[in-house]
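Asks: Pasted the sequence and its predicted model underneath.
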Amino acid sequence: MTVLVVGDVIDDIVVRPQRPVTADSDTPSTITACPGGSGANQAAWLGALGADVRFAGRAGAADVESHTAALAAAGVDARLAADPRAATGRIVVLAEGGRRDMYTDRGANLNLSPADLPDELLDGVRLLHVSGYSLFHPGVRDAVGGLMARARERGVAVSVDPGSAAFLAASGPEAFRAWARGARLIFPNLDEGRLLTGLRDPSDIATALTADHPVVALKLGADGVLVAADDGTRLRLPSAPAEVVDPTGAGDAFCAGFLTAWAESRPLETCARNGLSAAATAIAAVGARPPVTLHPPPHDH
């Protein structure tokens with residue numbers, strides 16, 4: 001069955017300083033241009049991990065062909081709307097010391113409309129995965145919220161990744177919880193989980209979120225993941241060993257790895273381990289996208 005991902009398409013510029021940043025002057029750096037966007041990244045990881053995946057988003061008209069090709073190389077059926085006026089979104093990522101600070105211009109992503117999300121996108125789909133970035137802008141939220149409602153009417157499961165603690169704080173946690181309510185799975189990181197619940201302890205956060213979502217995968221960065229389900233399941237798993245080259249996209253990779261296994265009805269522990277393995281692969285390379293092909297999900301434990 002197909003996984004449908006809806007979210008941003010971005011042109012990433014990843015800057016890795018080669019020495020401490022010199023204020024008001026030059027800092028020798030390695031600068032890499034690569035495709036990105038949380039939703040598009042998640043779709044690419046899903047495809048590279050062997051899932052049957054479809055992606056819907058919006059890019060500047062001049063870039064639709066190149067972004068479609070980049071996603072197709074990872075096994076993604078990309079349905080990109082061409083924006084005749086706005087440029088493709090762009091992000092400058094400053095990756096330094098295990099951190100990544102992002103300077104974001106979402107561009108054409110902010111013009112995603114109901115016409116870009118027709119009903120046929122849901123044909124044959126088992127899961128609709130929504131990047132939280134698509135819920136922070138009112139017009140885009142209306143379009144994506146309509147698709148989420150139509151998915152639930154068809155019996156299609158929905159999952160959500162909040163995506164941005166900064167945008168979440170600006171929009172308001174209660175508002176976001178209302179927008180995401182009805183999603184079967186949610187994938188916040190620790191900062192996002194604390195904002196959503198007002199709680200500090202990871203276990204308390206995960207438990208609180210199961211009131212709205214049957215499965216919660218709380219991403220803990222270098223500390224791994226805490227998975228909670230409304231049936232009482234609790235799993236705390238450490239991260240997979242990896243050298244940190246560029247942490248950009250690690251959360252996207254985790255989400256895709258988890259969902260690749262979930263779409264095959266694997267146990268939650270297998271889903272989590274598959275996500276952690278994908279995240280370890282992501283942080284060991286520059287950029288947020290995967291190698292073209294990766295290994296399928298591991299066997300059940």
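Replies: Yep, it's here.

Asks: ok, V53 touching T2?
Replies: Yes. At 6.8 Å, V53 and T2 qualify as touching, with contact defined as Cβ atoms under 8 Å. No exception for glycine: its C-beta is placed from N, CA and C like everyone else's.

Asks: who has more neighbours, those two?
Replies: Higher neighbour count among V53 and T2: V53, with 30 against 18, using other Cβ atoms under 10 Å.

Asks: That one bridge partners, please.
Replies: V3, V76 (DSSP bridges).

Asks: who's in contact with it?
Replies: The contact partners of V53, by Cβ atoms under 8 Å, 6 or more residues apart in numbering, come to 2-5, 43, 46-47, 75-77.

Asks: In TSV, list these along with pLDDT.
Replies: Below are these laid out as TSV (pLDDT from 0 to 100):
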residue	pLDDT
T2	95
V3	98
L4	98
V5	98
A43	98
L46	97
G47	96
G75	96
V76	97
D77	98
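
Asks: Can you say which two of these are spatially most distant?
Replies: In these, two members sit farther apart than any others by Cβ to Cβ. They are L4 and G75, at 14.2 Å.

Asks: which of the two has more neighbours?
Replies: The neighbour comparison of L4 against G75 (other Cβ under 10 Å) goes to L4, with 26 against 19.

Asks: what sits against the more buried one?
Replies: 53-56, 121-122, 125, 127-129, 151.

Asks: of the residues you listed, closest to G172?
Replies: The nearest member of those to G172, counting by Cβ to Cβ, is H129 at 22.9 Å.

Asks: low-confidence ranges in this structure?
Replies: 98, 292-301 (pLDDT under 70).

Asks: Show me which positions of stretch 237-257 end up buried.
Replies: 237, 239, 242, 246-257 (16 or more other Cβ atoms under 10 Å).

Asks: how long is that stretch from one end to the other?
Replies: Taking Cα to Cα, to the nearest Å, stretch 237-257 runs 14 Å from one end to the other.

Asks: Can you report how many residues neighbour R234?
Replies: 13.

Asks: What of W179?
Replies: 21.

Asks: Surely it is in contact with G145?
Replies: Yes. Assessed by Cβ under 8 Å, W179 is found in contact with G145 at 6.7 Å.

Asks: joint contacts of those two?
Replies: Common neighbours of W179 and G145 (Cβ under 8 Å, 6+ apart) are L135.

Asks: quick one, helices of this structure?
Replies: Assigned by DSSP state H, the chain shows helices spanning 38-48, 64-73, 138-153, 165-171, 173-180, 190-197, 202-209, 250-262, 268-283.

Asks: could you dump those helices to JSON lines with distance to T30?
Replies: JSON lines is the format used below for those (distance: least, Cβ to Cβ, whole Å):
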{"stretch": "helix 38-48", "distance to T30": "20"}
{"stretch": "helix 64-73", "distance to T30": "21"}
{"stretch": "helix 138-153", "distance to T30": "33"}
{"stretch": "helix 165-171", "distance to T30": "25"}
{"stretch": "helix 173-180", "distance to T30": "35"}
{"stretch": "helix 190-197", "distance to T30": "27"}
{"stretch": "helix 202-209", "distance to T30": "34"}
{"stretch": "helix 250-262", "distance to T30": "19"}
{"stretch": "helix 268-283", "distance to T30": "16"}
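
Asks: hmm, back to that, take the contacts of V53 and lay them out in a markdown table including distance to P214.
Replies: Putting these into a markdown table (distance: Cβ to Cβ, whole Å) gives the following:
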| residue | distance to P214 |
| --- | --- |
| T2 | 21 |
| V3 | 17 |
| L4 | 19 |
| V5 | 20 |
| A43 | 23 |
| L46 | 21 |
| G47 | 26 |
| G75 | 28 |
| V76 | 27 |
| D77 | 28 |
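
Asks: Quick check: closest non-adjacent residue to G89.
Replies: G107 (3.8 Å; Cβ to Cβ, 6 or more residues apart in numbering).

Asks: Give the burial count for the one you found, as a bare number.
Replies: 22.

Asks: what do you get for A87?
Replies: 15.

Asks: May I have the residues that are in contact with it?
Replies: 60, 63, 107-108.

Asks: ditto for Y133
Replies: Applying Cβ under 8 Å, 6+ apart to Y133 gives the contacts 7-8, 38-39, 106, 109, 163-164, 167.

Asks: one more time with 10 Å, if that's ok
Replies: Each residue near Y133 by Cβ atoms under 10 Å, 6 or more residues apart in numbering is listed here: 6-8, 10, 37-39, 89, 104, 106, 109-110, 140, 144, 161-164, 167.
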